[in-house]
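S.K.: need a structure here:
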Amino acid sequence: MMHYFLQIKKRLCNLIAQMIAMADDDLEAIRKKRMEGMMKMAEKKKEPEDGSGTVVKVYSTDTCPYCTMAKDYLDKKGVKYVDYNVNSDAEKAREMVAKTGQLGVPVLDINGKVIIGFDRRAIDEALSGG
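M.R.: You can find the predicted model right below:
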């Protein structure tokens, strides 16, 4: 009977060791994905130069429908912009709050003119230099 329990104990120890090894592999894969994501974000953060001198920054989240509408509107107008996802970029979230004093998205910064929310008229006015 004791021999049977020792075999079970040995099997359990082996299973636990295998699970720990699998978890370590998963953690390494997660770290690698995060690093790749950070590198991609760093590449995207370059200010666009569209020849007009207009610099547009959009502070958004993945789940915000108004953020999507604002970006679609800019795309439709052919305006280049930098999109900062404030869910995954704490530095840009702090920058957005410093500019606006609030956490709502979208926030558009068009040549220094800050627009909170999706407001076509305000976007058009800011893009025209008004």
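
S.K.: please enumerate the strands of the chain.
M.R.: 56-60, 82-85, 107-110, 113-116 (DSSP state E).

S.K.: any idea which of those is most buried?
M.R.: Burial of the strands of the chain is given as mean neighbour count (mean count of other C-beta atoms under 10 Å); strand 107-110 ranks first at a mean of 24. Any C-beta I mention is one placed from the backbone N, CA and C, and that applies to glycine too.

S.K.: can you show me the CA trace of it as PDB?
M.R.: Taking Å, rounded to 0.1, in the frame of the first residue of the first chain, the C-alpha atoms of strand 107-110 are listed here in PDB:
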ATOM      1  CA  VAL A 107      -9.500  63.300 -27.700                       C
ATOM      2  CA  LEU A 108      -8.000  64.900 -30.800                       C
ATOM      3  CA  ASP A 109      -5.100  67.300 -30.800                       C
ATOM      4  CA  ILE A 110      -4.900  69.100 -34.100                       C
END
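
S.K.: so, low pLDDT: which residues of the protein?
M.R.: Low-confidence regions of the chain, defined by pLDDT under 70, span residues 1, 38-54.

S.K.: measure the residue minimising distance to the centre of the chain to Ile115 for me?
M.R.: Geometric centre of the chain, nearest residue: Asn85, 3.4 Å, by C-alpha atoms, centre = their mean. In this structure, Asn85 and Ile115 are 18 Å apart, going by C-beta to C-beta, to the nearest Å.

S.K.: then Ile30?
M.R.: In this structure, Ile30 lies at 36 Å from Ile115, with C-beta to C-beta as the measure.

S.K.: same question, Met2
M.R.: Between Met2 and Ile115 the computed distance is 75 Å (C-beta to C-beta).
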